[in-house]
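> Here is a sequence with its predicted model. Questions after.
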Amino acid sequence: MAYEFALFNSLPGTILLCDLQFTRDGQGFCESEIALQNTTNVDDIDPKGQKTYNVNGQEIQGWFGLDYDAVYVFNNVTLNQNIFTRPPWWDGQVTNMPQDVVFSFKTPPRFWINVQYDSFYNQHRISPEDFILSSMADIQPEFISSPEIGFLKSIGPKVKDVKAKIIFKFLGADVVEPTTKEKYGSLATKLPMIKSFASGIVVPRQYIWPSNNGYLQAAPTNLVLDAHKLGLEVYAGVFANDDYLSYNYSYDPTREYLQYVDNSQFSVDGVITDFPVTASVAIGCLYQNKNASRIIKTLIISHDGASGDFPGSTDLAYEKAIDDGADIIDCSVQLSKDGVAFCLTSPDLTDSTTAATLFMDRATTIPEIQADNGIFSFDLTWTEIQSLKPQTQNSFRDLIRNPLYKNKGKFMILSEFLELAKTKAVNGVLINIENAAYLASNKGLDIIGTISTALSNASFDKQSTQKVLIQSDDSSVLLKFKDIPTYQRVLEIKKDIYGTSDELAQEVKKYADAINVMRRSIITSTDTFFTKNFTNIIPAMHAANVSVYIGILKNEFENLLLDYYSDPYVEMATLVDAHADGIITDFPATANSYMRSPCNNKAAPYKISGVIPGDMHANAKQKNQAPTAAPAPDHNGPLLTIEDIVDPPLPPVAKISASNTTSPSSSPTTAPGPKSSTSSATVTRAGLCIVAIFGVLGFLTLE
């Protein structure tokens, strides 16, 4: 299944790689590890079969293929997912001989055989060389690789007539090569010697782009250039979307591939990857494409600027969002105690600033805003807020955003934000307004009047060149802007909804021109984190002439459902295929790369494909022979209700005396409580990682 998926969904010319292991009677089979217990069920079917072998100087405990006859392995041993953070739904696939892989396709695929342990198997009277030579007519490998020089020197002359390329595989720099007894790091300086028996090399990525503490070094090594001067091909690996990527890549897996194939100094000849679809997107769709014209017109709306790279709502985040191609930059307006309007994701300063280190004594609970304690902007003066530093918000505990920029940038008051938008000629701005009723009645702060004045002073109400989106979860706030026809009003729904009636879609139109919904309101998911269905939100809203914006998109692989293969491009393609009018993202650069890709042309030979919700889940159920379920309903959660749309009129702005302003409970008027909602952030599932190609490596060429 893994080989089929790799070949059918990747670029033409994709090569299938088989790590060759052996049974006791000399039959080869494809398996990534010599100890089988992590990748198969062998320890379940033979609990007492564990042994210890010395493998190239290292004592390894486990279950080994050479302790079983071929008939036992192929009749009883099945494959398991060996990356425990990837789901096990396709466990149970049969073990493959190389011939099985090749013969399963009508047209023989390009094939790569890797022999990792030649010396070990020869010590046990099994010859990988004899097996390959006797199988050449069937498997026709285009590449034969090994980390053992003796094996390559022996087999190379014997396969010269069939033009199989001999590839030397480097292991870790401090690992000792069995034939020469030299460390692989030392052998990397002896490329002319390697050229004498090999036509190419496979190297770990760090041999080319060293990294330190999660950052790439400023410059690559000369390895690729030196190898190419000698006529050696260079292949880099192993790439994986759900690995811990360098901070330089902003959790965009395509950027790592492009670092190796699309830089001003060199390009490797191929990459080895667990995720050939993502490699195909990088090489086939984004390679040498930085200045391509925009193809897809779906709006790219920033979320607190480029908050995936810099602390949100800072000057640096907004400038990067603009440079990265955001159509609309956003400002969630907050007010200080003395009425200064500034941009920040929430009135609670605890997570997005260093307020907890200075003003913990100001923490309070305001049920009208949130359940948790917080340090709120309207309880601090602007001078006090300026004493704070912005702070990066990490969406996932184990996937830290660039710590180098953790406290970089400065807060922007609303007028500065609007001036930046005008100076940079960005296509538009989104002004998000929350808690207007509470601020008016409890704090005597007029956030609507403050924003209206700022927009007017910046002449945004007198022009139509730049879009102005006024967003709120409160319909009464939106009504305050209905008399300015150039403003687009956006109703934010802060809870999951799984469908709507046509009548309620028409009700939305009375208050808003667009709706901002969570991703789960467009594509529902199963309890096992597969996609399930499209809801009717987009078609219903479009029928009512209401645009649909979807967020919040994040690059981190833990943010993605299983169907998306840990690839943010697949999620974007799925939402664009669903006719989203705009996507709201922490990473505008990734969205812009997708929108510019020539693979989005109708005539493109390779496309960035979205998924059909429910397909992978159905395949997993069928594989596991689950009982046939009743047809899924159109929704599996709450529908949009009138209460989600229509809010009470806003209270007047109260006159609060100076002595009252420090006490949240001393207000003369009670503001309406918040609507029932979930966090506007996307689902976080600790420890959830995403299925890839189920543990089998795919390989992509640049041809």
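All right, it came through fine.

> outside of the strand or helix carrying C18, which residues touch it?
With elements taken from DSSP states H and E, the one containing C18 is strand 15-22. Around strand 15-22, the neighbours that count as contacts under Cβ atoms under 8 Å, 6 or more residues apart in numbering are 3, 6-7, 28-34, 36, 65-66, 96, 98, 101, 109-117, 121, 126, 128, 131-132, 142-143, 270, 272, 696-701. Where you see a C-beta, it was placed from the backbone N, CA and C, and this is true even at glycine.

> mean confidence for it?
Regarding strand 15-22, the rounded mean pLDDT is 98.

> In the sheet, which strands lie alongside that strand, parallel or antiparallel?
Here strand 15-22 has these sheet partners by DSSP bridges: strand 28-30 (antiparallel), strand 110-114 (parallel), strand 698-701 (antiparallel).

> Contacts for the longest one next, please.
Surrounding strand 110-114, the residues in contact under the criterion Cβ under 8 Å, 6+ apart are 13-20, 98, 101-102, 132, 139-146, 169, 699, 701.

> what about burial for these, which qualify?
Listed as buried from these are 14-20, 98, 101-102, 132, 139, 141-146, 169, 699, 701; burial here means 16 or more other Cβ atoms under 10 Å.

> for stretch 316-333, how far is the first residue from the last?
Counting by Cα to Cα, to the nearest Å, the length from the leading to the trailing residue of stretch 316-333 is 17 Å.

> ok now that stretch, how far from the chain's centre?
Its chain's C-alpha centre and that of stretch 316-333 lie 20 Å apart, by Cα atoms, centre = their mean, to the nearest Å.

> quick one: buried residues of it?
Judged by neighbour count (16+ other Cβ under 10 Å), stretch 316-333 contains these buried residues: 316-322, 324-333.

> mind listing which of the residues you listed are in strands?
328-333 (DSSP state E).

> Just put the residues you listed in a markdown table and tack on distance to A436 and pLDDT.
A markdown table is the format used below for those (distance: Cβ to Cβ, whole Å; pLDDT from 0 to 100):
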| residue | distance to A436 | pLDDT |
| --- | --- | --- |
| I328 | 21 | 99 |
| I329 | 21 | 99 |
| D330 | 17 | 99 |
| C331 | 15 | 99 |
| S332 | 12 | 99 |
| V333 | 10 | 99 |
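
> and the residues you listed as JSON lines, adding distance to I493?
Written out in JSON lines, the entries for these read as follows (distance: Cβ to Cβ, whole Å):
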{"residue": "I328", "distance to I493": "18"}
{"residue": "I329", "distance to I493": "22"}
{"residue": "D330", "distance to I493": "17"}
{"residue": "C331", "distance to I493": "20"}
{"residue": "S332", "distance to I493": "16"}
{"residue": "V333", "distance to I493": "19"}
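
> filter the contacts of strand 15-22 to the buried ones?
The neighbour-count criterion (16+ other Cβ under 10 Å) marks 3, 6-7, 28-34, 36, 65-66, 96, 98, 101, 109-117, 121, 126, 128, 131-132, 142-143, 270, 272, 696-701 among these as buried.

> Spit out the contact partners of A458.
Counting by Cβ under 8 Å, 6+ apart, the residues that A458 touches are 415, 418-419, 422.

> Kindly reformat those as a markdown table containing neighbour count and secondary structure.
Conversion of these to a markdown table gives the following (neighbours: other Cβ atoms under 10 Å; DSSP: H, G, I helix; E, B strand; the rest coil):
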| residue | neighbour count | secondary structure |
| --- | --- | --- |
| S415 | 16 | helix |
| L418 | 23 | helix |
| E419 | 13 | helix |
| K422 | 16 | helix |
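
> Relative to T345, which of those residues is nearest.
L418 (17.9 Å; Cβ to Cβ).

> didn't that closest one look like it was pressed against V426?
No - with contact defined as Cβ atoms under 8 Å, L418 and V426 do not form a contacting pair (10.4 Å).

> Spell out which residues are contacts of both of these two.
Shared contacts of L418 and V426, counting by Cβ under 8 Å, 6+ apart, come down to nothing at all.

> What separation do you get for the residue nearest to the spatial centre of the chain and L399?
For the chain, the residue lying nearest the average C-alpha position, counting by Cα atoms, centre = their mean, turns out to be N555 (3.3 Å). In this view, N555 and L399 are 9 Å apart by Cβ to Cβ, to the nearest Å.

> Give me the common contacts of the two.
Between them, N555 and L399 share these contacting residues under Cβ under 8 Å, 6+ apart: Y251.

> all strands of the stretch 101-250 of the chain, in order?
Assigned strands in the stretch 101-250 of the chain, in chain order: 110-114, 143-146, 165-169, 200-204, 211-212, 215-216, 233-239 (criterion: DSSP state E, counting those that start in this stretch).

> Please convert those strands to a markdown table, extending it with distance to Q391 and mean pLDDT.
As requested, the strands of the stretch 101-250 of the chain are arranged in a markdown table below (distance: least, Cβ to Cβ, whole Å; pLDDT from 0 to 100):
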| stretch | distance to Q391 | mean pLDDT |
| --- | --- | --- |
| strand 110-114 | 46 | 98 |
| strand 143-146 | 47 | 99 |
| strand 165-169 | 44 | 99 |
| strand 200-204 | 35 | 99 |
| strand 211-212 | 24 | 91 |
| strand 215-216 | 20 | 91 |
| strand 233-239 | 31 | 97 |
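
> who wins for proximity to I369 among those strands?
Distances from I369 to each of the strands of the stretch 101-250 of the chain were compared using Cβ to Cβ; the shortest belongs to strand 215-216, at 37.9 Å.

> What pairs with the closest one, parallel or antiparallel?
Strand 215-216 is paired, per DSSP bridges, with strand 211-212 (antiparallel).

> From the chain's centroid, how far away is the strand it pairs with?
With Cα atoms, centre = their mean as the basis, strand 211-212 stands 21 Å off its chain's centre.

> Adjust the sequence numbering to begin at 54 for everything that follows.
That works, and once the first residue is 54, the last one we named lands at strand 264-265.

> Run a quick neighbour tally on the residue nearest to A424 when sequence neighbours are not counted.
In space, not counting the residues next to it along the chain, A424 is nearest to T418; the distance is 7.8 Å by Cβ to Cβ, 6 or more residues apart in numbering. The local packing count at T418 equals 12, with neighbours defined by other Cβ atoms under 10 Å.

> ok, now which ones touch T418?
For T418, the set of contacting residues under the criterion of Cβ under 8 Å, 6+ apart consists of 424-427.

> Can you show me the strands along the stretch 604-753 of the chain?
Counting by DSSP E, counting those that start in this stretch, one finds strands in the stretch 604-753 of the chain at the ranges 635-638, 751-754.
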